[in-house]
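J.: Below is the structure, and that's it, no one-letter string:
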């Protein structure tokens, strides 16, 4: 098995520099010297590093495109890919790649760490070693995990179902609305009913995105001016509406008028819940029925990260309003439950 390790940046690539007393990136070309356990893995490992490395807080859609292009150019020569990434925006990148890499039939595993590699209690070694093992897992000549996923602290999650839930604990990520794809213990146990099947067709790496989206998070007492400023921005083509509970919103006359006017002029509004778990059910309560009547789209149980990256992806595929709505409300890459 040949695995391409792609280092973008993040805590996992840091070691302690005794001269300066700070943590600095180590040379990933000397990775096996830093982590000698890698020599025991039954695979050939090659490294591609981004220069300069990227703090995940500076992650940008153009880097998502670069990552998709890297996978595309190396696709025929490698059996799997492991992307080392800062944890803060890892769920965004995993979600974005799931949409950009259409007909993906090889593992793309994102991982990172909460502590640098040079710290004695680091989680970096286990996360990296197991991610490589997952990326090289094949049965009968076929990959076990033919999709974009996130591995962290003994759990493998579908990339576009993942959300960072803790800034301090090693259990930094969760997938509340979809079961883990695998759990790593004494044995690596895959949840085959949750994994994607192989797709027909060749890999298509999409290379466009449209960032003209807005976010309107509701809260008690939100003002009319805030709502209208968000909905009426001249460059905004779609808005993520973060609602209460199962998709509920205020029933104030001014709020409903602002929503109806926005959708009437063609603004796409995608309703996702602020809750970590559960799904939007438009029309279940009176407080969401009007949204449904005005043409607000249901995001079902999508994560915020999946909603952001899906909208950027869909808006770049077509300018036709009906086609956009159809794509947004379709389960394109396993990101939502219909």
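T.: Perfect, thanks for sending it. Because the structure is a prediction, the values reported are computed rather than measured.
J.: now stretch 277-287, how far from the chain's geometric center?
T.: What separates the centre of stretch 277-287 from the centre of its chain is 24 Å, taken as CA atoms, centre = their mean, to the nearest Å.
J.: mind listing what's buried in that stretch?
T.: Going by neighbour count (16 or more other CB atoms under 10 Å), the buried part of stretch 277-287 is 279, 280, 281, 282, 287. Every C-beta, even on glycine, is put in place using the N, C-alpha and C of the backbone.
J.: Spell out for me which residue occupies the centre of the chain.
T.: residue 95 (2.6 Å; CA atoms, centre = their mean).
J.: Surely it and residue 304 touch.
T.: No - counting by CB atoms under 8 Å, residue 95 sits too far from residue 304 to count as a contact (9.5 Å).
J.: coming back round to it: for residue 253, state which of the buried residues of stretch 277-287 is nearest.
T.: residue 287 (13.7 Å; CB to CB).
J.: how many other residues sit next to the closest residue to the closest one other than its chain neighbours?
T.: Distances taken as CB to CB, 6 or more residues apart in numbering put residue 248 closest to residue 287, at 3.9 Å, once the chain neighbours are dropped. Other residues near residue 248 come to 21 when the count uses other CB atoms under 10 Å.
J.: Over to residue 248: give its phi and psi.
T.: Per-residue torsions, residue 248: phi -90, psi 150 (degrees, to the nearest 10).
J.: these two touch, right, it and residue 283?
T.: No - using CB under 8 Å, residue 248 makes no contact with residue 283, being 10.6 Å away.
J.: And the chain, what are its domain boundaries?
T.: 2-205, 213-328 (automatic domain parsing).
J.: can you put those domains in JSON lines and add distance to residue 336?
T.: JSON lines is the format used below for these (distance: least, CB to CB, whole Å):
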{"stretch": "domain 2-205", "distance to residue 336": "9"}
{"stretch": "domain 213-328", "distance to residue 336": "4"}
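J.: between the ones you listed, which gets the lowest average pLDDT?
T.: Among the domains of the chain, domain 2-205 has the lowest mean pLDDT, at a mean of 91.
J.: So for it, first residue to last residue, what's the gap.
T.: 21 Å (CA to CA, to the nearest Å).
J.: just stretch 327-338 next, same as before
T.: Stretch 327-338 has an end-to-end distance of 13 Å (CA to CA).
J.: How far off centre is that stretch?
T.: For stretch 327-338, the distance to the chain centre is 14 Å (CA atoms, centre = their mean).
J.: So which residues lie in contact with it, not counting its own?
T.: 95, 98-99, 147-148, 158, 160-161, 177-178, 196, 238, 268, 270, 279, 297-303, 306, 310-311, 314, 317-318 (CB atoms under 8 Å, 6 or more residues apart in numbering).
J.: Quick check: ChimeraX command selecting the buried ones in those.
T.: A single ChimeraX command selects the buried members of the contacts of stretch 327-338 (16+ other CB under 10 Å):
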select :95,98,99,147,148,158,160,161,177,178,196,238,268,270,279,297,298,299,300,301,302,303,306,310,311,314
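J.: So residue 251 versus residue 314, what's the distance?
T.: Counting by CB to CB, to the nearest Å, the gap from residue 251 to residue 314 is 29 Å.
J.: What of residue 182?
T.: The separation that residue 182 has from residue 314, given CB to CB, amounts to 29 Å.
J.: helix or strand for residue 66, which one?
T.: In this structure, residue 66 sits in helix 61-74 according to DSSP states H and E.
J.: following that helix, which helix or strand comes up?
T.: strand 80-84.
J.: report the angle between the axes of that next one and helix 61-74?
T.: Put simply, strand 80-84 runs at 150 degrees to helix 61-74, going by axes from the mean of the first three to the mean of the last three CA atoms, to 10 degrees.
J.: Could you name the helices and strands sitting against strand 80-84?
T.: Under the contact definition 3 or more CB pairs under 8 Å, 6 or more residues apart in numbering; DSSP states H and E, strand 80-84 sits against strand 2-7, helix 61-74, strand 108-111, helix 124-135.
J.: following it, which helix or strand comes up?
T.: Sequence-wise, the next helix or strand downstream of strand 80-84 (DSSP H and E) is helix 90-100.
J.: angle of that following helix against helix 61-74?
T.: 50 degrees.
J.: name the helices or strands packed onto helix 90-100?
T.: Helices and strands touching helix 90-100, by 3+ CB pairs under 8 Å, 6+ apart, are helix 61-74, strand 108-111, strand 148-152, strand 163-164, helix 304-317.
J.: sorry, back to before: which elements pack onto the helix holding residue 66?
T.: strand 2-7, strand 80-84, helix 90-100, strand 101-102, strand 204-205.
J.: how far out from the middle of the chain is the fourth one?
T.: Read that as strand 101-102. So, by CA atoms, centre = their mean, the centroid of strand 101-102 is 13 Å from its chain's centroid.
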